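> the sequence and its predicted three-dimensional model are supplied below.
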Amino acid sequence: MNKSIFLHLLCVFTLATGVSAQQTLTLPQAIELARLQSVDAAVALNELKTSYWEFRTYQADLLPEVNFNASLPNYSKSYNLYQSEDGSYKYVRNNSLQMNGEISIDQNIWLTGGKVSVSSSLQFIDPLNTSGANKYYMSVPFGVTLSQPIFGVNNLKWQRRIEPIRYKEAKAAFLEDVERVTMRTITYYFQLLMAKENLHIAQQNKLNADRIFEIAEARREMGQISENELLQLKLSVLKATSSVTREQSGLNAAMFRLRSFLGLSEQDSIDALIPYMMEYPNIAYYDVLTKAQENNPFAQNIRRRQLEADFEVAQAKGNRRQIDLYASVGYTGQDQKLRSAYSDLIDYQVVQVGVKIPILDWGKRKGRVKVAESNREVISSRLKQEQMDFNQDIFLLVEQFNNQAEQFRIAKEADEIAQRRYNTSVESFMIGKINTLDLNDAQLSKDNARGKYVSEMHLYWYYLYQIRSLTLYDFVESGDIDAEFESLINK
């Protein structure tokens with residue numbers, strides 16, 4: 001996706017001007033324009049960016065995170081209920097100013113699913129409604145906290161297995177979408193090309209019908225043809241005129257579709273050219289299947305869905321019981337002066353184990369495990385069927401592509417023969433050797449042969465790029481289709 005190519009193509013179409021001029025557009029140029037500025041290409045790029053930032057978010061979860069938490073300040077002026085030593089209650093006025101701050105470095109532990117934090121904090125309180133030096137500082141210069149679930153599912157470990165595959169699938173899907181943009185471009189381009197050929201045929205048939213009718217009128221005056229044959233030729237002139245109008249509308253519609261897909265203005269008039277046909281060798285089915293299994297997003301999709309099904313089972317099993325370990329150790333100090341609060345430190349330890357084990361749940365959690373396992377079996381069966389269908393589609397596509405070269409060669413030869421036959425028929429009709437029925441048959445054969453020629457050419461190009469889309473491999477250049485993802489994402 002070279003920017004210079006893009007600028008060159010913009011110059012070709014003179015997009016900055018409002019002048020309507022017909023510009024020739026080759027198929028490779030149309031493909032490049034579609035990849036650069038079509039809506040489909042923009043959607044594919046935005047989906048890639050979304051997947052990229054989701055992957056970056058996952059990566060960030062594995063890296064240390066620095067946090068700062070603070071209340072600056074926390075002022076309270078209220079009444080609180082207080083119970084005295086004699087059992088009586090009374091409301092005590094509270095008027096205080098508190099401030100606290102903590103900075104911590106938190107690290108998720110993907111191997112165990114726990115979290116470790118190293119922190120340092122400071123708290124300050126000033127009871128405003130008392131006299132004297134009652135201000136206090138409490139510091140925790142250094143503390144380490146560990147939170148660790150036991151027996152539960154390790155979400156980070158599963159994400160570490162699933163997320164790289166998901167992102168690899170997204171990159172492959174982007175390349176596949178780009179190739180699909182190419183396939184749509186080919187379809188619209190050949191629709192325009194077919195409409196152009198149909199209009200050209202209609203115009204040529206109109207000229208021939210007018211010329212033949214003029215000759216037929218002269219022959220009628222000499223009594224060489226009947227009135228019925230002359231009227232048939234007059235009808236042919238009218239049909240040819242109507243066909244020109246119809247094919248012109250078809251050309252305008254096809255041009256509008258291609259122009260809209262390429263993101264061009266309505267003032268641009270495109271002249272499609274019959275593309276140069278390269279002779280590609282036959283492609284072996286197993287070569288295509290191997291490359292598809294390596295590069296196609298479907299292969300990554302299968303792996304991801306299987307892992308996600310396994311994760312659902314592990315999650316259901318882990319939820320049957322819950323045991324959490326919390327441990328915190330460090331040093332703390334307090335004093336009425338800030339500096340003294342960091343002297344004469346004493347150590348502290350907190351260890352807490354929380355347990356939640358269902359004693360009687362009427363089989364609810366066991367049922368969830370069975371449901372997850374059943375869903376996994378269903379997904380496995382579907383994946384096997386999808387894999388078989390995928391292989392079958394590749395086999396049929398390779399067969400179609402390898403046969404298409406011969407079909408195109410036959411269509412090209414038939415087009416040349418039909419054109420020569422029509423020219424001969426016109427000459428024969430002028431000297432009275434054939435009738436109007438034979439002439440009309442020759443014209444119909446010529447038109448059908450030309451349409452078949454363009455149609456077979458379209459299928460040849462379409463099958464070629466469909467194979468590229470499935471394999472993300474260029475069998476002509478013998479290399480994988482790739483892209484500079486970092487530069488694309490940072491656009």
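Nice, I can see it. Numbering: from 1, shown residues only.

> so what does the helix or strand encompassing residue 453 touch, helix or strand wise?
According to DSSP states H and E, residue 453 maps onto helix 436-471. Helix 436-471 sits against helix 155-221, helix 227-262, helix 285-295, helix 364-430, with contacts defined as 3 or more Cβ pairs under 8 Å, 6 or more residues apart in numbering; DSSP states H and E. Using the backbone N, CA and C atoms, a C-beta is placed for each residue, glycine as well.

> which of those helices is buried the deepest?
Stretch with highest mean neighbour count among the helices and strands packed on helix 436-471: helix 155-221 (a mean of 19; mean count of other Cβ atoms under 10 Å).

> about what we covered before: distance to residue 137 and mean pLDDT added to the helices and strands packed on helix 436-471, as TSV?
Shown next, in TSV, are the helices and strands packed on helix 436-471 (distance: least, Cβ to Cβ, whole Å; pLDDT from 0 to 100):
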stretch	distance to residue 137	mean pLDDT
helix 155-221	37	89
helix 227-262	69	88
helix 285-295	62	91
helix 364-430	48	90
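
> now distance to residue 139 too, for those helices, in a markdown table please.
A markdown table is the format used below for the helices and strands packed on helix 436-471 (distance: least, Cβ to Cβ, whole Å):
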| stretch | distance to residue 139 |
| --- | --- |
| helix 155-221 | 32 |
| helix 227-262 | 67 |
| helix 285-295 | 58 |
| helix 364-430 | 45 |
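
> of all those helices, which one is nearest residue 332?
Closest of those to residue 332 is helix 155-221, at 30.7 Å (criterion: Cβ to Cβ).

> by how many degrees do the closest one and helix 285-295 diverge?
130 degrees (axes from the mean of the first three to the mean of the last three Cα atoms, to 10 degrees).

> how far off centre is helix 155-221?
On the basis of Cα atoms, centre = their mean, to the nearest Å, helix 155-221 sits 21 Å off its chain's mean C-alpha point.

> next, the angle from that helix to helix 364-430.
Angle, helix 155-221 to helix 364-430, by the same axes, to 10 degrees: 20 degrees.

> helix 155-221 packs against which elements?
helix 27-37, helix 39-61, helix 227-262, strand 269-272, helix 297-318, helix 364-430, helix 436-471.

> mind putting the ones you listed into TSV with distance to residue 482?
Shown next, in TSV, are the helices and strands packed on helix 155-221 (distance: least, Cβ to Cβ, whole Å):
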stretch	distance to residue 482
helix 27-37	14
helix 39-61	13
helix 227-262	24
strand 269-272	30
helix 297-318	14
helix 364-430	21
helix 436-471	12
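
> partner strands of the helix or strand that the helix holding residue 453 is followed by, parallel or antiparallel?
Using DSSP H and E, the helix or strand that follows helix 436-471 in sequence is strand 473-474. Strand 473-474 pairs in its sheet with strand 479-480 (antiparallel), by DSSP bridges.

> in stretch 291-307, which residues are buried?
By 16 or more other Cβ atoms under 10 Å, the buried positions in stretch 291-307 come out as 291-293, 295-305.

> show me which of those is closest to residue 117.
Using Cβ to Cβ, the buried residues of stretch 291-307 come closest to residue 117 at residue 304, 31.7 Å.

> pLDDT value on the closest one, please?
Here, the pLDDT recorded for residue 304 equals 92.

> contacts only, for it.
With contact set as Cβ atoms under 8 Å, 6 or more residues apart in numbering, residue 304 has these partners: 162, 165-166, 169.

> which one of those is nearest residue 411?
Proximity of the contacts of residue 304 to residue 411, judged by Cβ to Cβ, is greatest for residue 169, which lies at 39.0 Å.

> how near is the closest residue to the closest one other than its chain neighbours to residue 168?
In space, not counting the residues next to it along the chain, residue 169 is nearest to residue 300; the distance is 3.6 Å by Cβ to Cβ, 6 or more residues apart in numbering. Note on residue 300: its distance to residue 168, by Cβ to Cβ, to the nearest Å, is 5 Å.

> residue 416 now?
Using Cβ to Cβ, one gets 49 Å for the distance from residue 416 to residue 168.

> same deal with residue 187?
From residue 187 across to residue 168, the span is 29 Å (Cβ to Cβ).
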